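Participant: Predicted structure and sequence below. I'll ask about it afterward.
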Amino acid sequence: MSVALFDGFLSSPEMIDVFDDGAIVQAMFDVEQALAAAQAAHGVIPDSAARAIAGVCKASLYDIPALVRAGRRAGSLAIPLVKELTAAVALYDAQASTFVHRGSTSQDVIDSAMALVTREALALLERDLARLIDALLALAEAHLDTPVLARTLMQPAQVSSFGLKAAQWAAPLVRARRRLRTAAHEALQLQLGGAVGTRAALGEHGAAVAGHMAAALGLGNPPAAWHTQRDEWVRLGLEVALLTASLGKIATDLALMAQGEVGELAEPSGAGRGGSSAMPHKRNPVAAMTALAASGRTPQVAAALLASMGQQHERGLGNWQAELAEWPTLFLSAHGALAALADAFGALEVNPARMRANIDNLQGLVFAEGAAGLLAETMGRTRAHALLEDLSRQALADDSHLSALVGQVEGADAARVDAVFDPVRATQPGAATARALLAQLRLLLEEDKQ
């Protein structure tokens, strides 16, 4: 697949290869070869014809750019491909050439081929999802008791566990992997319906040929053609889009925590990674950048897939073609984001000291809720809340620590006040939540292995 220069920055060479023109053309030849073999196995065409067809179902024998150009004129890549395949077979066996593509239609070949290459694309996503999930779970386990600021509406809120933050990054990815597997099982289906989805040209052998083909190609065998019934296929695409959106959330947090004035995380550096052409001191979060750019493009692709579903009668006019054009972009973006984050989190630099310093620099204000709860025991919730609002404003105005002001309140127990303002103690609810979440995620991962 030839991609534009800046598109390539947002993907991976492996995924580009999956949707390369040559790979898709070879997948189409694989479908034609499987069709001929299945028909020969069930007496629809002679064995000799199937062998002759198989002998030239190799993309390397053909001028692929010329096929692509001819496909634009014909309205379908399958039309010039079948024409060239027929001509190639005729060079060796004129009679066999009459059996090429028998009982099939262009969409059968292209949809089945796209299912084959999509299976390879999903294998790449599966591999790097495992890498990223493992890295995040290890990060969570290592930092269950590491205090970090939890932030709401982009402002410091309370103290939480960095382990919980990492576990919550991992959770949607574990769920996404499960949903992708389910959606792939339903969507990666053989397409064989013939001209209008009835397999009329195959007569009584249609079901048997389809079953044989599906087994040979490793695809599901649906009860009927899905030429214009795109729900399962688009659902798979939407699961990929949802995964990419989840990666965008992780990248957002990573980028914010890696800001110089925050300094809690840093992507791995070295070998020119994340540098600046003008500012030697900069360490740019390029993995987060890649994932954010990829996830930012994905909603439009997902919307285009949904918009393409209103296909006319038994063969879509324009909308199926639009779907085909959008489909690779979805996977290119998803794997670009996933591979970048898997690399980054595999060697992520975590700075617990900076996390603690960012907490300490807030003058105890992030413990205000706990302090209000303590004072509420003697003065009631409403009065305690109002008092803490006043004390928080005073701490900011005087550049003092809120704990000192709370300690001066009549009846305040010094030991209990110290406990309320202890960052390590404040981390424990988050750590407990993280342990429960990690146990659930580990259980899901074990179930996935069975």
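Facilitator: Looks like it arrived, so ask away.
Participant: Tell me the gap between the helix or strand containing Lys83 and the middle of its chain.
Facilitator: Using DSSP states H and E, Lys83 maps to helix 78-92. Centroid separation for helix 78-92 versus its chain: 38 Å, with CA atoms, centre = their mean, to the nearest Å.
Participant: now that helix: mean pLDDT?
Facilitator: Taken as a whole, helix 78-92 has an average pLDDT of 97.
Participant: any chance you could map the strands in the stretch 1-150 of the chain?
Facilitator: All strands of the stretch 1-150 of the chain, identified by DSSP state E, counting those that start in this stretch, fall at 147-152.
Participant: what residue ranges in the protein score low on pLDDT?
Facilitator: Across the chain, the ranges flagged by pLDDT under 70 are 1-4, 270-282.
Participant: Could you say whether Ser160 sits in a helix, a strand or coil?
Facilitator: Following DSSP: H, G, I helix; E, B strand; the rest coil, Ser160 is assigned to strand.
Participant: For Leu144, list the residues it contacts.
Facilitator: Contacts for Leu144 (CB atoms under 8 Å, 6 or more residues apart in numbering) come out as 161, 163-164, 431, 434-435. The C-beta positions use only the backbone N, C-alpha and C, and glycine is treated the same way.
Participant: hang on, the earlier thing: name the helices or strands packed onto the helix holding Lys83?
Facilitator: For helix 78-92, the elements it packs on are helix 21-41, helix 47-55, helix 64-74, helix 94-97, helix 106-142, judged by 3 or more CB pairs under 8 Å, 6 or more residues apart in numbering; DSSP states H and E.
Participant: just those: most buried one?
Facilitator: Ranked by average neighbour count under the criterion mean count of other CB atoms under 10 Å, the helices and strands packed on helix 78-92 are headed by helix 21-41 at a mean of 23.
Participant: Just the C-alphas of that one, formatted as PDB.
Facilitator: Coordinates of each C-alpha in helix 21-41 appear next as PDB, following Å, rounded to 0.1, in the frame of the first residue of the first chain:
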ATOM      1  CA  ASP A  21      -1.500  -3.300  -3.000                       C
ATOM      2  CA  GLY A  22       0.400  -6.500  -3.600                       C
ATOM      3  CA  ALA A  23      -0.900  -8.100  -0.400                       C
ATOM      4  CA  ILE A  24      -4.500  -7.400  -1.300                       C
ATOM      5  CA  VAL A  25      -4.000  -8.600  -4.800                       C
ATOM      6  CA  GLN A  26      -2.400 -11.800  -3.600                       C
ATOM      7  CA  ALA A  27      -5.300 -12.300  -1.200                       C
ATOM      8  CA  MET A  28      -7.700 -12.000  -4.200                       C
ATOM      9  CA  PHE A  29      -5.700 -14.600  -6.000                       C
ATOM     10  CA  ASP A  30      -5.900 -16.800  -2.900                       C
ATOM     11  CA  VAL A  31      -9.700 -16.500  -3.100                       C
ATOM     12  CA  GLU A  32      -9.700 -17.400  -6.800                       C
ATOM     13  CA  GLN A  33      -7.500 -20.400  -6.100                       C
ATOM     14  CA  ALA A  34      -9.700 -21.600  -3.300                       C
ATOM     15  CA  LEU A  35     -12.800 -21.200  -5.400                       C
ATOM     16  CA  ALA A  36     -11.400 -23.300  -8.200                       C
ATOM     17  CA  ALA A  37     -10.200 -26.000  -5.800                       C
ATOM     18  CA  ALA A  38     -13.500 -26.100  -4.000                       C
ATOM     19  CA  GLN A  39     -15.400 -26.400  -7.400                       C
ATOM     20  CA  ALA A  40     -13.100 -29.200  -8.500                       C
ATOM     21  CA  ALA A  41     -13.600 -31.000  -5.200                       C
END
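Participant: ok now it, how far from the chain's centre?
Facilitator: 29 Å.
Participant: gap between Glu242 and Glu232?
Facilitator: No Glu there; residue 242 is Leu. According to CB to CB, to the nearest Å, Leu242 and Glu232 sit 15 Å apart.
Participant: now swap in Ser60 and tell me
Facilitator: 33 Å.
Participant: Neighbour count: those two, which is higher?
Facilitator: Glu232 (17 against 8; other CB atoms under 10 Å).
Participant: Now Ala88: closest residue in space, sequence neighbours ignored.
Facilitator: Val56 (4.1 Å; CB to CB, 6 or more residues apart in numbering).
Participant: Next one: that neighbour from Leu35, what distance?
Facilitator: For Val56, the distance to Leu35 - CB to CB - is 14 Å.
Participant: Give me the angle between the host helix or strand of Thr252 and strand 147-152.
Facilitator: Element membership of Thr252 [criterion: DSSP H and E] is helix 231-257. Angle, helix 231-257 to strand 147-152, by axes from the mean of the first three to the mean of the last three CA atoms, to 10 degrees: 120 degrees.
Participant: by contact count, what packs against helix 231-257?
Facilitator: So helix 231-257, by 3+ CB pairs under 8 Å, 6+ apart, packs with helix 106-142, helix 162-187, helix 286-307, helix 319-346.
Participant: That one: what's the following helix or strand?
Facilitator: strand 265-266.
Participant: Return the residues in contact with the closest residue to Glu369 other than its chain neighbours.
Facilitator: The shortest distance from Glu369 to any non-neighbouring residue, by CB to CB, 6+ apart, is to Gln158 (6.7 Å). Going by CB under 8 Å, 6+ apart, Gln158 touches 149-150, 366-367, 369, 426.
Participant: These: which two are farthest apart?
Facilitator: Leu149 and Glu369 (13.9 Å; CB to CB).
Participant: Compare the two and say which is more crowded by neighbours.
Facilitator: Leu149 (23 against 13).
Participant: Does the more buried one touch Ile359 like I think?
Facilitator: Yes - the criterion here is CB atoms under 8 Å, and Leu149 meets it with Ile359 at 5.8 Å.
Participant: Give me the common contacts of those two.
Facilitator: 159, 366.
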